[in-house]
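A.B. asks: could you work out the structure for the sequence below:
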Amino acid sequence: MFSRACLLWYIAREESDIHRFGHSGQVTLDSYGDTTDSETYDSTSEASEEDNQLENFLDCEEQENSFISDSESLAEEFSPSTVTLDSLTWVATLGVGGYGRVELVTGGADKIPFALKKMKKIELADPQQRQHILAEKSIMLSCSSPFIVKLYQTFCDPSYLYMLMEPCLGGELWTVLRKNKRFNDSTARFYVGCVILALDYLHEEGVIYRDLKPENILLDSSGYIKLTDFGFAKQLAAGEKAWTFCGTPEYVAPEIITNKSHDYRVDIWSLGILVYELLTGIPPFTNKANPALVYPEILKGIRTVHFPNCVSASASEIIRQCCRLSPSQRPSLKILKHFIWFAGLDWVMLADRSLTPPSVPRISSSVDTSNFDSYKRDLDEPQEDFSDWAANY
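C.D. replies: The predicted model follows:
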């Protein structure tokens, strides 16, 4: 199974920048994002090459996906809230995580596809874990954004907790990134713009996400993206701060590492890390052997990171501003939209999903799982848990 660690090892070993540029492929930038190196980078040829790679992976005709749109519309008309757990039929496993698995299932007379997240209750013994699970349900049920995965309803039995969600069969953005190694500015800008709109919605609702990374960004049938996995999300009251140590090591903000209170600005930090990874293929702070050793590097700040030539000056400005050590110095999402890197991006068209995406996933049917890694079905019967902490789940 191709993991993040495997990809980072592969990229480091490949040293592709040496072959492409004739040198290390890295250049030091000053605090304004300008290069201090005299060598330049042919962005036109690189963009063309990456465009072709992306088209070869995802390009397909619009009519091939028309049935997916019909299926999504049918799900709305069908009212997923009427689906029962017993009526669901297993199709395939889409992913396996720390808390459980996500299965593709069908339900109703029309066999409408859904994503079903199932978590073994017996493994959710930690009170903080349980709090996160209950918060995830509450937050996702309250969300109404085209850039956030919809949660239709939840179920509970003595063995599992279940979340019935909309399926996004285009797969994880992480999968697309690893196949293309990195994105050009135009492609990365589209996906980052969608993420900004999702975070903007959450922050307006008083929610911090705290787990931004390519693995938690899914592509729907149209080529747009949606945030999923709200296990670390938290609803904050006005002026409230959070204290929980959580997140993915490569993406965690420095104020979380130092156990200081934090707020929505941790998502701004993670956004800068995301821009860097989408443009280079690897996050700026990483340690393949021991992820915990990433934390000291993060606390040194983004100024210690070398930027390869594939990161333009305008992109590096986004990264450096988002990844300031002091949360108060990071720009707001509203200000970020006006940075030079986003010049030419029509935010209105992006928000109403009328902007043409970089590509459309190849999906052959409403139950096509080819854009996901393959997993065996979990046939183990977990020990039952009759505790009442999730009685109202």
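A.B. asks: so if we follow the domain assignment, how does this structure break up?
C.D. replies: 17-59+172-351, 63-165 (automatic domain parsing).
A.B. asks: nearest to Val367, of these?
C.D. replies: domain 63-165 (5.0 Å; CB to CB). For every residue, glycine as well, the C-beta is placed using N, CA and C.
A.B. asks: quick one: distance of that closest one to the chain centre.
C.D. replies: A distance of 17 Å separates the centroid of the chain from that of domain 63-165, by CA atoms, centre = their mean, to the nearest Å.
A.B. asks: mind listing what's buried in stretch 327-345?
C.D. replies: Using 16 or more other CB atoms under 10 Å as the test for burial, stretch 327-345 gives 327, 330-331, 333, 336, 341-342, 345.
A.B. asks: for stretch 353-369, same thing?
C.D. replies: 355, 357-363, 366-369.
A.B. asks: now do the contacts for the nearest residue to Asp220 once chain neighbours are set aside.
C.D. replies: Nearest non-adjacent residue to Asp220, counting by CB to CB, 6 or more residues apart in numbering: Cys168, 4.7 Å away. By CB atoms under 8 Å, 6 or more residues apart in numbering, the contact list for Cys168 reads 115, 149, 218-221, 226, 228.
A.B. asks: quick check, nearest of those residues to Glu103?
C.D. replies: Ala115 (7.3 Å).
A.B. asks: my read is that closest one is in a strand, agree?
C.D. replies: Yes - per DSSP: H, G, I helix; E, B strand; the rest coil, Ala115 lies within a strand segment.
A.B. asks: that one bridge partners, please.
C.D. replies: Assessed by DSSP bridges, Ala115 has beta-bridge partners Leu104, Met165.
A.B. asks: same check, this time on the one 5 residues further on
C.D. replies: On the basis of DSSP bridges, Lys120 takes part in beta bridges with Tyr160.
A.B. asks: I'd guessed it sits against Pro158; true?
C.D. replies: No - at 10.8 Å, Lys120 does not count as touching Pro158 under the criterion of CB atoms under 8 Å.
A.B. asks: ok, those two, which is more surrounded?
C.D. replies: Lys120 (17 against 12; other CB atoms under 10 Å).
A.B. asks: and that one, how far from Gly272?
C.D. replies: 35 Å (CB to CB, to the nearest Å).
A.B. asks: please flag which of the buried residues of stretch 327-345 sit within helices.
C.D. replies: 333, 336 (DSSP state H).
A.B. asks: can you give me the strands in the stretch 201-350 of the chain?
C.D. replies: 207-208, 217-219, 225-227, 234-235, 307-308 (DSSP state E, counting those that start in this stretch).
A.B. asks: show me what the last one is packed up against.
C.D. replies: This points to strand 307-308. strand 26-27 (3 or more CB pairs under 8 Å, 6 or more residues apart in numbering; DSSP states H and E).
A.B. asks: repeat that with 10 Å
C.D. replies: helix 16-21, strand 26-27, helix 265-280, helix 313-322 (3 or more CB pairs under 10 Å, 6 or more residues apart in numbering; DSSP states H and E).
A.B. asks: same list, those, but as a markdown table with distance to Met163 please.
C.D. replies: Output for the helices and strands packed on strand 307-308, formatted as a markdown table (distance: least, CB to CB, whole Å):
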| stretch | distance to Met163 |
| --- | --- |
| helix 16-21 | 39 |
| strand 26-27 | 42 |
| helix 265-280 | 22 |
| helix 313-322 | 30 |
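A.B. asks: and the strands of the stretch 201-350 of the chain, which is most packed in?
C.D. replies: Using mean count of other CB atoms under 10 Å, the stretch among these with the largest mean neighbour count is strand 217-219, at a mean of 26.
A.B. asks: picking that back up, dump the strands of the stretch 201-350 of the chain to TSV, plus distance to Asn290 and mean pLDDT.
C.D. replies: Output for the strands of the stretch 201-350 of the chain, formatted as TSV (distance: least, CB to CB, whole Å; pLDDT from 0 to 100):
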stretch	distance to Asn290	mean pLDDT
strand 207-208	27	98
strand 217-219	26	98
strand 225-227	28	98
strand 234-235	28	96
strand 307-308	24	96
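A.B. asks: can you lay out these as JSON lines showing distance to Ala289?
C.D. replies: Shown next, in JSON lines, are the strands of the stretch 201-350 of the chain (distance: least, CB to CB, whole Å):
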{"stretch": "strand 207-208", "distance to Ala289": "30"}
{"stretch": "strand 217-219", "distance to Ala289": "26"}
{"stretch": "strand 225-227", "distance to Ala289": "30"}
{"stretch": "strand 234-235", "distance to Ala289": "31"}
{"stretch": "strand 307-308", "distance to Ala289": "22"}
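A.B. asks: which one, of those, ends up nearest to Ile298?
C.D. replies: Across these, closest to Ile298 is strand 307-308 (CB to CB), at 16.3 Å.
A.B. asks: ok, that closest one: who's next to it in the sheet?
C.D. replies: Short version: by DSSP bridges, strand 307-308 pairs with strand 26-27 (antiparallel).
A.B. asks: mind checking the pLDDT average for the partner strand?
C.D. replies: Averaging pLDDT along strand 26-27 yields 35.
A.B. asks: cool, and stretch 167-177?
C.D. replies: Mean predicted confidence for stretch 167-177 is 96.
A.B. asks: please apply the same query to stretch 314-333.
C.D. replies: pLDDT averaged over stretch 314-333 gives 97.
A.B. asks: for the helix ranked longest in the chain, buried residues please.
C.D. replies: In the chain, taking DSSP H as the definition, the longest helix is helix 185-204. Buried positions in helix 185-204, judged by neighbour count with 16+ other CB under 10 Å: 185, 187-203.
A.B. asks: listing request: residues of the stretch 51-200 of the chain with sub-threshold pLDDT.
C.D. replies: By pLDDT under 70, the low-scoring segments of the stretch 51-200 of the chain are 51-78.
A.B. asks: how about the strands of it, start to end?
C.D. replies: Using DSSP E, counting those that start in this stretch, strands in the stretch 51-200 of the chain cover 89-96, 100-107, 112-120, 151-156, 160-165.
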